Each structure stands twice: as structure tokens, then as C-alpha cells.
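A.B. asks: Sequence first, predicted model second:
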Amino acid sequence: MRGSNRSIPIGALLIASFSIELNSFAPSTPSVQKQYRRHSSCLFSSSTANKKDKPAAADELRSKKRDKSSKNTVLPTARYLAVAALASGNEETSDSSAFASRRLDADVRYAQLEPRDRAFARLLVATVERRLGQIDSVLSSCIDKYPPKGKHANIVQSTLRIGVAQLLFLNTPPHAATSDTVQVLRMHHSLLSKKSFPVPEPMIRFVNGVLRKLSRPENSGTLLYGHKMLENTSVNDNIAPWLLQRWTEDWGETRTKLICQEMMPDVDGISSRIDVTTKYSLKSVIEGADEDVQHSSKALLEEIRLEFGHDCTLLPNGSLRIGSSLTGDISQWPDYKIGTWWVQDASSTLPALVLTQALSKKHGNLNSLHVIDMCSAPGGKACQLLSAGFGRVTAIEASRRRSKRLIENLDRLNFLCDKCEVIVDRGQNYLPEENACIDGILVDVPCSATGTGARQPDVLRRSSTSLNELLAIQELLAHHCANNILRPGGIMVYATCSMLKAESEEQVAKLLLDNVNMKTLPIEPSEVPGFEGAIDENGWLRVLPGVLEGDLKATDGFFVARLIKDEVS
Ligand SMILES: C[S@@+](CC[C@H](N)C(=O)[O-])C[C@H]1O[C@@H](n2cnc3c(N)ncnc32)[C@H](O)[C@@H]1O
């Protein structure tokens, strides 16, 4: 039934024209860590392969034998690509490892790895990203001048980090964690332009020596020397000190501890949860929605849940949580191509949910209402609003690059229709047409994204320098939406995936202070199934990772406030 209506609706009102790039609206798939605990060896090159290599490596060897022209070719391995991803960044931050997962995803050679090696590369990068502070602390304790300097500094440092991640967090057997990792430095020259300089042999021996020292057994037990060094570190080393201090000021010590535990789980691995929203999720939990609509939405949601199999849980808010047993390319998962669902963290569904709840109660029929999704890309919330049945949804996004993703996603989900309009411009420049009547605005401002740290640990190490800039744009957008776009009597939802009060609670308090015609429209427990415990004393939602019970304990940090403008301004 769901697959029968697949034609792409025409008549999309696109105020900018684009070439639509292919995009999945989904991160690359994580895979289970356990699988790799015993991953002791990877094929590095035709010259290093031996018969003991694992099946994926053996396949690779066989295919190379078939291809005579590849006789002298060195193939990048999982470890090599992980090191390359970590070493190659510098344009976005001063830390070369930042955004390494994204660079790994973008590396065409990564897509060519066997699935098992691909997942291993991803696990290596994710572990370094999450444990960077502790890894560097261990390395500093056994190297005189750390971080290394000079021409090969990035590749040497990244190789050391990958080695330590395997030894101390992934339980890779010491031999593989050491010698197979050091091989990366030998492959480096062959894989880069021949004009590049090979890593000098003494430097390679130095890296080998450091990793061997850390993998030396302590007191003839199973503990390694590196584990002893690790005891002098703390998970908090992985989080920027300024951020820890702000969290402690904002949430107190006990809650900050819970947050850190959730962000830095004891067991290392790629975050195994992926939440998806379906076209039926929102309608299935809207209070007072037409009973038939609600009933059929629930049935369709259940049908999709069954298609995902046993490792898929229906969360109280209507999201589906996919567990770690479903692996591989997300675009190959059930119903992806026919556009039934999109990846969206459960707490990220709340802003559109509470906006729809309020407008549905106020007006009944949503079909005649016009809502704005301000700061829209990649489009999770716009898709929710479109799935709710609003008459018109205007999605506004400043970034041209990100708006291409937004359009691609709307297209895959068959939401590009005459109800949907995409505007590529800064939100502060937007003014509705003269006769337009904007009933609702969802403003999901750009922010520090610190609530997403469990999935994107990079955000936890960023410096505080861009914070003032973010605060200024958040304030500008919130005030512009309230004063210049929203109609009297309209409803506005302000949201961030930040765990800083300055970007969230304090911005809304300031907005209310400066605009006496705006009031809080408190969020009711019955409107946010599963998140009732996150409603604060103001009637705003404050989701902190690790604080809710059950499945919702592991969700992104989020803030949502719902405001209403006086009928007469
Ligand atoms: C938190 S993300 C939005 C996520 C989106 N609402 C979703 O659900 O998929 C913030 C977005 O705001 C965009 N942005 C930043 N400054 C903006 C501005 N002045 N006007 C409009 N969009 C802006 C960013 O490019 C980014 O895509």
C-alpha cells in the first residue's frame, strides 16, 4: 500500500533553482563493536597479505590475483583510511582530527572497502573522536614532545591515536594494534602522490616503539602498561574545560555527571542507536486528531516497525529506534527508497510536535494554516510539518550547500509539492508577502549543538570563541520571527540542540522580556509522550541526555519553548 503512490509531485515552488545532489539524509551506518574485538589483522597490501588474514582480506587478495594490472598496487586498508581521515582536516578547526567521520564518509576509497573493514574504519575513527582527550593524555605521558611537529606531524599523530584507541579502548590484540597500525606509515607514500616524502624510517620506528611500550604487559597480567597510564585520565578529559564548567554552572554537579556518562559510555563503539521518524509518527500522537487518521497512522507505523524486524522499538513519541543489529548502508534499509522515513533523533522531533499540537487544538483543521520552518536544513522538522498536513510550509535556510540537502530530502520523501516552498536566504531577511498570515513558526536556531555530543563528540571539544556569534544570530532570528513574521495570535516554537542555558532558556527569557506581547504557552505532559519528565517549571522542555528513564535516557540534549503572540499587538 505504501509503495503504490510513488510519483514525485510536481508544482514545487522553489524560490531558488538548484542542481540537486545525491544525498541520503542519513549518516553512514554504524556497526557493532563486538564484531571487531577480535579483528586482529587487516590486509594492507599485496605484499603484506598472508594466509592467516580474515575472509574479507582473502577475498581482496583473490580479486587482486585476478587483476594482473594491479600487481604492484597498494590498496588502502581500514586502518589507513581511518588515519587518513583523522590526519587530513584543518580547514574547519585547528584540530586536524575534527570532522574526521565526515571525511571518512566522503572518501571514495572507504565505499570500496568490504563492509566489515568499512565498519572497522568507522569504529576506529569514532573511538578516537570520542576519546581524544584521554588518548592524547596517555600519549603525552610517554612521549617527551607531544604532539609531534614537522612535515609528517599529522599522519604520525593520527597513527599513534589509532594505535592507542585499539590498545586501550577496543581490546584489539596488541600485535595487530601495533604492527598493523605502524604499517600505515609505510603505505602512506605509495598511496599519496609520488612527489610526497615518505615517512622517514626512524620516525616509523619511533611510533612502533611508543605503541610497543604501551602494549607491554604489566606484572605479567592481562593489563597493559597503557592501561596503567589510562588510570591517570578521566572521561572529562574528552570535553572542553569551558564546557564542563558551563554545564556545572547550568545543571549542577550531579546532573553534569549523568550527562558526561551518557556522552562517554563505558563501552566504546559507535553509538548504536538510530532513531527514525516516519510519515505517520507525528499524526499517531497528535491529541484530538481525527480518530480514524490516528488509528491508521498507528497501524502504518506498526507495519514499518515490523519491516525493520525485531531490533526496532516504537518510542512513545512515535519515533522508531533501530538497534545495532541492523547494519549496512542505510539507503538499503526497508522502505528508504520509497520515502517513508528519515533519520531524526527522538528529541529532535519535539519542536514540530508541540507546534502542531497547539495549532491543531486552536484551529482543528491544519489544512488552511501556513507555517514557517526557519533554519530548515537538512529538513527533519520541515518533513514532520509536511507530514502533519499543514496547508503551506515555507522552509527557510541560509546555507546554499545545506539547502541542496534539504531539497534532496524533501524530494526523496515526496514532499516537494505545491504545499512546500523552499527559500534560500538568511532568515532575518525574510518578510512574508503582504497578505500572508503566518500561523506558526518553528525557529530551530544554529547553536553549539552540544546536545548531540554522544553522536558527534567533536562538538564537545570546540572552543568557546564562536559562541558569542551564535548568541547574536539566535537573538536576531528569534526577535525577527516574533515581531516581523508571526501574525497576532500565532504560535512560535524556539528550539536548540544545545545544552547551554545561554543559547536556550536565557534567549527565550530575553525575548519575553523585550516583547510583552509574547507569552509562554506551556507544554502539557500529554502532548509529549515519554518526555513528560523533561518539562521544566516554565512549561518549556529541557531534555538532558542521561536524565530521562528507559529508552529515552539515550537521546540528544534539546530545548524547546512554545510561545504565543497576543491577538492584538
Ligand atoms: C540546527 S540546524 C537546523 C536543523 C533543521 N531544522 C532540521 O530539523 O533538520 C540550523 C540551520 O540553520 C541554518 N542557518 C544558520 N544561520 C541562518 C540564518 N541566519 N537564517 C537561516 N538559516 C540559518 C544553518 O545553515 C543550519 O542548516
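C.D. replies: The structure has been received and is ready for your questions.
A.B. asks: Could you check the pLDDT of Leu512?
C.D. replies: At Leu512, the model reports a pLDDT of 98.
A.B. asks: tell me the secondary structure for it?
C.D. replies: When classified by DSSP: H, G, I helix; E, B strand; the rest coil, Leu512 comes out as helix.
A.B. asks: What sits closest to it if chain neighbours are left out?
C.D. replies: In space, and not counting its chain neighbours, Leu512 is closest to Met518: 5.8 Å by CB to CB, 6 or more residues apart in numbering. Yep, even glycine has a C-beta here, placed from its N, CA and C like the rest.
A.B. asks: Any idea what the one you found is bridged to?
C.D. replies: For Met518, the beta-bridge partners under DSSP bridges are Lys565.
A.B. asks: pretty sure it contacts Ala561?
C.D. replies: No: between Met518 and Ala561 there is no contact under CB atoms under 8 Å: 10.3 Å.
A.B. asks: got the residue ranges for the strands in this structure?
C.D. replies: Using DSSP state E, the strands of the chain run over 13-14, 274-278, 312-314, 320-322, 341-343, 370-374, 392-397, 420-424, 440-444, 491-496, 518-520, 541-543, 558-565.
A.B. asks: can the longest one be found next to the ligand?
C.D. replies: Put plainly, it is strand 558-565. No: contact of strand 558-565 with the ligand (CB under 6 Å from any ligand atom) is absent, the minimum separation being 10.5 Å.
A.B. asks: now the angle from that strand to strand 491-496?
C.D. replies: 160 degrees (axes from the mean of the first three to the mean of the last three CA atoms, to 10 degrees).
A.B. asks: Off-centre distance for strand 558-565?
C.D. replies: How far strand 558-565 lies from its chain's middle: 23 Å, per CA atoms, centre = their mean, to the nearest Å.
A.B. asks: which one is Gln261 nearest to, not counting chain neighbours?
C.D. replies: Gly546 (5.8 Å).
A.B. asks: Ser141 now?
C.D. replies: Leaving aside its sequence neighbours, Ser141 sits nearest to Met229 (CB to CB, 6+ apart; 5.1 Å).
A.B. asks: OK, contacts around that neighbour?
C.D. replies: Shown in contact with Met229 (CB atoms under 8 Å, 6 or more residues apart in numbering): Val138, Ser141, Cys142, Leu214.
A.B. asks: let's see 7 Å
C.D. replies: Val138, Ser141, Cys142 (CB atoms under 7 Å, 6 or more residues apart in numbering).
A.B. asks: Is it possible to mark the buried ones in these?
C.D. replies: Val138 (16 or more other CB atoms under 10 Å).
A.B. asks: tell me which of the contacts of Met229 is nearest to the ligand?
C.D. replies: Val138 (34.3 Å; CB to the nearest ligand atom).
A.B. asks: Which residues are in contact with that closest one?
C.D. replies: With contact set as CB under 7 Å, 6+ apart, Val138 has these partners: Val164, Leu168, Gly226, Met229, Leu230, Thr233.
A.B. asks: which non-adjacent residue is nearest it?
C.D. replies: For Val138, ignoring the flanking residues on the chain, the nearest one in space by CB to CB, 6+ apart is Met229 at 4.5 Å.
A.B. asks: do the same with Lys337
C.D. replies: Closest to Lys337 by CB to CB, 6+ apart is Ser331, at 6.9 Å.
A.B. asks: Repeat that for Leu244.
C.D. replies: Nearest residue to Leu244, sequence neighbours excluded (CB to CB, 6+ apart): Asn236, at 5.9 Å.
A.B. asks: Just checking, which helix or strand of this structure averages the lowest pLDDT?
C.D. replies: Ranked by mean pLDDT, DSSP states H and E, the weakest helix or strand in the chain is helix 34-37, scoring a mean of 33.
A.B. asks: Does the residue of the stretch 151-300 of the chain found nearest the ligand have any beta-bridge partners, and if so which?
C.D. replies: Closest residue of the stretch 151-300 of the chain to the ligand, CB to the nearest ligand atom: Thr277 (10.1 Å). For Thr277, the beta-bridge partners under DSSP bridges are Trp342.
A.B. asks: The residue nearest to Leu244: neighbour count?
C.D. replies: Neighbour count for Asn236, taken as other CB atoms under 10 Å: 16.
A.B. asks: Check Asn232 too.
C.D. replies: 11.
A.B. asks: for it, what are its contacts?
C.D. replies: Ser141.
A.B. asks: what's the answer for Thr248, then?
C.D. replies: For Thr248, the contacting residues are Thr256, by CB under 7 Å, 6+ apart.
A.B. asks: Apart from its neighbours in sequence, what residue is nearest Arg402?
C.D. replies: Spatially, and ignoring its direct neighbours in sequence, Arg402 is nearest to Ala377 (3.6 Å; CB to CB, 6+ apart).
A.B. asks: Just confirm the one you found contacts Arg400, I think it does.
C.D. replies: No: using CB atoms under 7 Å, Ala377 is not in contact with Arg400; the gap is 9.8 Å.
A.B. asks: higher neighbour count, those two?
C.D. replies: Ala377 (24 against 12).
A.B. asks: residues contacting that one?
C.D. replies: Contacts of Ala377 by CB under 7 Å, 6+ apart are Glu397, Ser399, Arg402, Ser403, Arg405, Leu406.
A.B. asks: In the chain, where is pLDDT below threshold?
C.D. replies: For the chain, the stretches with pLDDT under 70 are 1-73, 90-98, 192-196, 266-272, 327-328, 569.
A.B. asks: okay, now the domains of it?
C.D. replies: As given by automatic domain parsing, the domain ranges for the chain are 34-233, 271-565.
A.B. asks: Tell me which of those sits nearest to Arg255.
C.D. replies: domain 271-565 (6.3 Å; CB to CB).
A.B. asks: now the helices: where do they sit in the stretch 51-200 of the chain?
C.D. replies: Assigned by DSSP state H, counting those that start in this stretch, the helices in the stretch 51-200 of the chain fall at 55-66, 78-87, 100-106, 108-111, 115-142, 153-164, 174-175, 181-191.
A.B. asks: which one of those helices is the most hemmed in?
C.D. replies: Most buried of the helices of the stretch 51-200 of the chain by mean neighbour count (mean count of other CB atoms under 10 Å) is helix 78-87; its value is a mean of 28.
A.B. asks: got the CA coordinates for it in PDB?
C.D. replies: Extracted in PDB, the C-alpha atoms of helix 78-87 (Å, rounded to 0.1, in the frame of the first residue of the first chain):
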ATOM      1  CA  ALA A  78      40.600   0.200   7.100                       C
ATOM      2  CA  ARG A  79      43.400   1.400   9.400                       C
ATOM      3  CA  TYR A  80      44.900   3.500   6.600                       C
ATOM      4  CA  LEU A  81      41.700   5.200   5.700                       C
ATOM      5  CA  ALA A  82      40.900   5.900   9.400                       C
ATOM      6  CA  VAL A  83      44.300   7.500   9.900                       C
ATOM      7  CA  ALA A  84      43.900   9.500   6.600                       C
ATOM      8  CA  ALA A  85      40.500  10.800   7.700                       C
ATOM      9  CA  LEU A  86      41.900  11.900  11.100                       C
ATOM     10  CA  ALA A  87      45.100  13.500   9.600                       C
END
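A.B. asks: quick one, that helix and helix 115-142 angle?
C.D. replies: Here helix 78-87 runs at an angle of 60 degrees relative to helix 115-142 (the same axes, to 10 degrees).
A.B. asks: Would you mind getting the angle between helix 78-87 and helix 153-164?
C.D. replies: Angle, helix 78-87 to helix 153-164, by the same axes, to 10 degrees: 130 degrees.
A.B. asks: and helix 78-87 with helix 181-191, angle?
C.D. replies: 70 degrees.
A.B. asks: ok now helix 78-87, how far from the chain's centre?
C.D. replies: 20 Å.
A.B. asks: So that it lines up with my notes, have the first residue be 794 from now on.
C.D. replies: Okay, using 794 as the starting number, the last item reads as helix 871-880.
A.B. asks: in terms of contact count, name the helices or strands touching that helix.
C.D. replies: Judged by 3 or more CB pairs under 7 Å, 6 or more residues apart in numbering; DSSP states H and E, helix 871-880 is in contact with helix 893-899, helix 908-935, helix 946-957, helix 974-984.
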